[in-house]
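# Output the structure for:
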Amino acid sequence: MESMVPQARWTGMQPWRGLFGLVVTFGLSLIITVSSGMDSFLGLLSLWIMSMVPLELVMAIGWRVKFPPTESFSQPWRGFALTAFMFLVGTVACFAILGFMGGGVHQPLTSAYAISTVIMTAVAVCSFGMWPFSKMSVPARGFLTLLACYLIVLFGIQLYNFSVLSYPTGVNPSPVDPAPFYAPGGPLAAFADVAPKGPVAWESALAFWLWIAILTFTAVLFEFWPFNKSPKLMKQPVLGILVFASCMVIAYIAFTIGVGVMQVEPLRFMYIGVSYAFGLLMILVLFQRWPGRLLKSPGGAFLNLCLAIVIGYIGYHAVGAVCNWHFGKAMVYPSSVFAMGNLMLGINFPLWVAYADIWDFWPLPPTPAPH
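Below you'll find the predicted structure:
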C-alpha cells in the first residue's frame, strides 16, 4: 500500500488536503443522492447514516480515534476496521430506534429522535468532554456517554408535539390552519399512540435544538473563548454548563429574531443554520481550522467564522439547485427542507469525519503533527 501514497509536498499541507477531501466526500454524497428517490433518501438510508453519527462523534472527538485499538494497522486497513465497527454499532442503533420509537416503521418521529441524539452527543462530547464519565476507561466513557444521550433524548423528545404541521405551506405566518400530522385525519394518524404531544411544536423544537448544536461547534471553533482565559472555567462540569447555557441563550435570541420578528418558518430557519454549519464544519473537519489557525486567537476564529458564512451561503443555493434538479416535483414542504439539509449535513458531515479522522485522508500521507 505504500506505493499508493502520493509523495508530493502539497499532500501534507492545507488547504490542498481539505480540497482533496472535499472532492472525495462531496463526490460520494452526490452519488448517494442521485442514486436515491425522495422516499429512500429521507427513509431508512438517512436514518441509518444518522444512527452512526453519535458513535462517530465519540470515536473522533471523545476517543481521538484510539478506540477500538487499531494503531498497529496502517491505512487503509485501519480505516476499514474502524468503519466496520461504526457500521455495526450504527446498524444496531438504527434498528433500536425503529423498534422503540417507530413501532418498527421509519417515520418523521424516528428521524427527529435520531437528529436530536446527534445534537445531544455533540453537546456531551464537545462541551462536557464526556463528563461525568470522563474519568472511566476509554471504552466505558464513550459507551456510557452514548447511552446517556439516548436516554436523555428519549425523555426530552416528549416535549415535542407531533400532532400537526404548524405551517402546511412552509410560510410564516401560515395562510392556512395547521394540518393534522400524527393527529386524527393526518397521514400518520395510525402512529398517533407513539408520537409525543408535548407543549412545543416539533418544527420549532427541532430548529431550536439544532441551533444549539451549531453554536456548540462554533464554541469549538473559538476553542471556548473567552472561557479559555480562565483555567478555573475550563474544568468540567463548569465549562460544559457555561457553554451549554451560552448556546441556549444565543439560540433563543436567534430563534426569537428569526422566527418571531423576521417570521421565517422554523424549518427554513433550521436550514439557514444548517447552511452555516455546512461551512463551519467543513473548516473544522476537512480544513482543520485553516486558514484561521495561522492567526492569533480569537482573530483567526473570527476569520474562519466569516468564511463559514460565505461557504454556507454558497452551499445554501448550490445544494438547493442540486435537490431541485434531481428530486423535481418531490421537492414539496417539508420534504424539500429535509432533503436539502440531509444532503448538506446529514450525508456530508459523517463523510467528512470518516474521511478526515477515521481514514486520515488516505491515500494522502498521514496528517502531520501540529507545530
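
# for this protein, which spans come out with low pLDDT?
Where the chain drops to pLDDT under 70, the residues are 1-10, 369-371.

# can you do 90?
Applying pLDDT under 90 to the chain picks out residues 1-13, 71, 102-104, 296-297, 366-371.

# All the helices of it, in order from the start?
Ranges of helices in the chain, per DSSP state H, are 16-34, 38-41, 44-57, 77-101, 108-122, 138-156, 202-221, 238-255, 266-281, 299-327, 335-341, 348-353.

# Those helices: which one's closest to residue 361?
Nearest of the helices of the chain to residue 361, taken as C-beta to C-beta: helix 16-34 at 5.5 Å. Every C-beta, even on glycine, is put in place using the N, C-alpha and C of the backbone.

# So what's the gap between the closest one and the chain middle?
17 Å (C-alpha atoms, centre = their mean, to the nearest Å).

# okay, that helix in PDB with CA atoms only?
Output in PDB follows, covering the C-alpha atoms of helix 16-34 (Å, rounded to 0.1, in the frame of the first residue of the first chain):
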ATOM      1  CA  TRP A  16      -4.900  21.200  -0.500                       C
ATOM      2  CA  ARG A  17      -5.700  18.300   1.800                       C
ATOM      3  CA  GLY A  18      -9.000  19.800   2.600                       C
ATOM      4  CA  LEU A  19      -9.800  20.400  -1.100                       C
ATOM      5  CA  PHE A  20      -8.900  16.900  -2.000                       C
ATOM      6  CA  GLY A  21     -11.100  15.600   0.800                       C
ATOM      7  CA  LEU A  22     -13.900  17.800  -0.300                       C
ATOM      8  CA  VAL A  23     -13.800  16.400  -3.800                       C
ATOM      9  CA  VAL A  24     -13.800  12.800  -2.500                       C
ATOM     10  CA  THR A  25     -16.600  13.300   0.100                       C
ATOM     11  CA  PHE A  26     -18.800  15.600  -1.900                       C
ATOM     12  CA  GLY A  27     -18.500  13.300  -4.900                       C
ATOM     13  CA  LEU A  28     -19.600  10.400  -2.700                       C
ATOM     14  CA  SER A  29     -22.600  12.300  -1.300                       C
ATOM     15  CA  LEU A  30     -23.700  13.300  -4.800                       C
ATOM     16  CA  ILE A  31     -23.500   9.700  -5.900                       C
ATOM     17  CA  ILE A  32     -25.700   8.600  -2.900                       C
ATOM     18  CA  THR A  33     -28.100  11.400  -3.600                       C
ATOM     19  CA  VAL A  34     -28.700  10.900  -7.300                       C
END
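
# Buried residues of that helix, list them for me.
17-18, 20-22, 24-26, 29, 32-33 (16 or more other C-beta atoms under 10 Å).

# Buried residues, stretch 229-243. List them.
Those would be 239-240, 242-243, for stretch 229-243 by 16+ other C-beta under 10 Å.

# now, among the residues you listed, which is nearest to residue 93?
residue 240 (23.6 Å).

# from memory that closest one sits against residue 128, does it?
Yes: Residue 240 is within contact range of residue 128, at 3.4 Å (criterion: C-beta atoms under 8 Å).

# From the buried residues of helix 16-34, pick the one nearest residue 88.
The nearest one, if we look at the buried residues of helix 16-34 relative to residue 88 and count by C-beta to C-beta, is residue 32, at 19.9 Å.

# what's around the residue lying closest to that closest one once chain neighbours are set aside, how many residues?
Leaving aside its chain neighbours, residue 32 sits nearest to residue 347 (5.9 Å; criterion: C-beta to C-beta, 6 or more residues apart in numbering). Using other C-beta atoms under 10 Å, residue 347 has 23 neighbouring residues.

# Likewise for residue 279?
Neighbours of residue 279 (other C-beta under 10 Å): 23.

# now residue 139
Residue 139 has 12 nearby residues by other C-beta under 10 Å.

# where's it relative to residue 61, distance?
Between residue 139 and residue 61 the computed distance is 15 Å (C-beta to C-beta, to the nearest Å).

# Quick one: the helices of the chain as JSON lines, columns for distance to residue 69 too.
What follows is these, written out as JSON lines (distance: least, C-beta to C-beta, whole Å):
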{"stretch": "helix 16-34", "distance to residue 69": "25"}
{"stretch": "helix 38-41", "distance to residue 69": "36"}
{"stretch": "helix 44-57", "distance to residue 69": "16"}
{"stretch": "helix 77-101", "distance to residue 69": "10"}
{"stretch": "helix 108-122", "distance to residue 69": "22"}
{"stretch": "helix 138-156", "distance to residue 69": "9"}
{"stretch": "helix 202-221", "distance to residue 69": "26"}
{"stretch": "helix 238-255", "distance to residue 69": "27"}
{"stretch": "helix 266-281", "distance to residue 69": "27"}
{"stretch": "helix 299-327", "distance to residue 69": "33"}
{"stretch": "helix 335-341", "distance to residue 69": "35"}
{"stretch": "helix 348-353", "distance to residue 69": "19"}
